[in-house]
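Peer 1: would you be able to build a 3D model of this:
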Amino acid sequence: MIIFVACSSMSEQQKAEEKTRIVLGAEQLDQYVSQLTGKRVAMLVNQTSTIGSVHLVDTLQALGVNIQKVFAPEHGFRGDHSAGAIVSNGIDAKSGLPVVSLYGKNKKPTPQMLENIDVVVFDIQDVGVRFYTYISTMHYVMEACAEQNKQLIILDRPNPNGFYVDGPVLEKAYSSFIGMHTIPIVHGLTVGELALMIDGEGWLKNKVKCDFNIVPCENYTHDSLYQLPIKPSPNLPNMNSVYLYPYLGLFEGTNVSIGRGTQTPFQIVGRPGFKADFTFTPQSIPGVSDHPKHEGKECGGFLVNDVKKSDFFERPSLNLDWFLLFYNENIPENGPYFKSFIFKLIGNSTFKDQVIAGLSAQEIKQTWQPDLDKYKTMRKKYLLYP
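Peer 2: Predicted coordinates:
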């Protein structure tokens, strides 16, 4: 049983804070539970899908919602799988529900998976970066629901990187599961807004249309600096990593480590043989970083400055300085700087050649601007929040 208790002794300050508190879509039970009553429900959720300290699955089960199964994205239902690790089907020990993987053999629900389902509920905390795969899973679920005439409910959450837009717009030739949409790396949309764009621009297969409802957040704007209460994946442990992820993530397509296999992933950069005062040695951490890049080798590099102490929030942008520094300091003993993965991450055919040609960060970013301007104009059509 869930009991909501009203506190009559709330101070004036507390009342004022409550009026401006960001209210998540999932918290607004009165906006969507009635749509689940008498329905067979599937949940696309993970460890971030909570109302306060209670998981959404537990809340809805306590309200008598007939949950048939849980669809699990990358990192699994409980967020305990490392990046890229196959998520298997199984039974969740805590809830007793069947868990069906959407990060293994199937990334899109099959007709059989949706056969006994009337409505799917999506509630996952995203970080607003094109190559973060939760939005790709949402795309495939939208597509499957459209094809199988199933309803979808999206419970929106703030985008912690939603206060700026930057990076090259994806070229269709480089579309993959880590970048399915012609959007920039930092796209400036919540998952609800992106769903509107996916549907509105006809990006689902055969331009099918999905029957979906969005429960938007209250008191959120794109200027909000939303602090994530739960880490969204094993290697984004704090807000510093979330803010640095859009551009440190590009190092995944190089011979440079971003600290997987340490306690500060996506907050440090380095590689073996790089001369620096700061060093780290990646090690396997089960369920977080299994056999990370340069495992067991000492890497020289940098502890990236704490974003909160920089001017990042005054002039937010995708910083290429670290990327160009390590390219310029590469030596033959390191092997090739670029891996083929860089094309999927950056999403275009020109970036690698621009770096090799010696273009500055400013010159590279200027080439992104025409497509970025077109994207920003399109983006305005789908905004739910100022």
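
Peer 1: just give the closest residue to residue 165, not the sequence neighbours.
Peer 2: residue 188 (4.0 Å; CB to CB, 6 or more residues apart in numbering). Glycine gets a C-beta too; all of them are placed from N, C-alpha and C.

Peer 1: actually residue 147, not the one I typed
Peer 2: Closest to residue 147 by CB to CB, 6+ apart is residue 208, at 6.0 Å.

Peer 1: show me how far stretch 339-357 is from its chain's centre.
Peer 2: Relative to its chain's centre, stretch 339-357 lies at 21 Å (CA atoms, centre = their mean, to the nearest Å).

Peer 1: actually, stretch 276-290.
Peer 2: Worked out by CA atoms, centre = their mean, stretch 276-290 lies 22 Å from the chain centre.

Peer 1: just stretch 51-61 next, same as before
Peer 2: The chain centroid and the centroid of stretch 51-61 are separated by 21 Å, computed with CA atoms, centre = their mean.

Peer 1: and for stretch 286-300?
Peer 2: Centroid displacement of stretch 286-300 relative to its chain, using CA atoms, centre = their mean, is 22 Å.

Peer 1: could you pull up the mean pLDDT of that stretch?
Peer 2: Across stretch 286-300, pLDDT averages out at 95.

Peer 1: likewise for stretch 326-343?
Peer 2: 96.

Peer 1: contacting residues around the closest residue to residue 363 other than its chain neighbours?
Peer 2: Closest residue to residue 363 apart from its sequence neighbours, by CB to CB, 6+ apart: residue 354 at 7.5 Å. Residue 354 sits next to 363-364, 367 when contact means CB atoms under 8 Å, 6 or more residues apart in numbering.

Peer 1: domain parsing of this structure, as residue ranges.
Peer 2: Domain assignment for the chain, taken from automatic domain parsing, gives 21-227, 239-364.

Peer 1: wait, which of the contacts of residue 354 is closest to residue 281?
Peer 2: Nearest to residue 281 among the contacts of residue 354: residue 364, at 31.9 Å, using CB to CB.

Peer 1: what's the most buried one of the domains of the chain?
Peer 2: Ranked by mean neighbour count, the domains of the chain are led by domain 21-227 with a mean of 19 (mean count of other CB atoms under 10 Å).

Peer 1: need the distance between the two termini of that domain.
Peer 2: Chord length of domain 21-227, first to last residue, is 12 Å (CA to CA, to the nearest Å).

Peer 1: and it, how far out from the chain's middle?
Peer 2: How far domain 21-227 lies from its chain's middle: 10 Å, per CA atoms, centre = their mean.

Peer 1: where does residue 121 land in three-state SS?
Peer 2: strand (DSSP: H, G, I helix; E, B strand; the rest coil).

Peer 1: tell me the pLDDT of it.
Peer 2: 98.

Peer 1: quick check: residue 327 is in a helix.
Peer 2: Yes - the assignment for residue 327 is a helix, going by three-state DSSP.

Peer 1: about what we covered before: distance of the residue nearest to residue 363 relative to residue 30?
Peer 2: From residue 354 across to residue 30, the span is 52 Å (CB to CB, to the nearest Å).

Peer 1: which secondary structure element is home to residue 145?
Peer 2: Per DSSP states H and E, residue 145 falls inside helix 134-147.

Peer 1: list the buried residues for the longest helix along the chain?
Peer 2: As assigned by DSSP state H, the longest helix anywhere in the chain is helix 361-379. Within helix 361-379, the residues scored as buried using 16 or more other CB atoms under 10 Å are 361, 364-365, 368, 371-372, 375, 379.

Peer 1: low-confidence stretches in this protein?
Peer 2: 1-17, 79-85 (pLDDT under 70).

Peer 1: pretty sure the residue nearest to residue 147 contacts residue 145?
Peer 2: No - Residue 208 is beyond contact range of residue 145, at 9.3 Å (criterion: CB atoms under 8 Å).

Peer 1: would you list the contacts of residue 354 in TSV and tack on distance to residue 344?
Peer 2: Shown next, in TSV, are these (distance: CB to CB, whole Å):
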residue	distance to residue 344
363	23
364	18
367	19
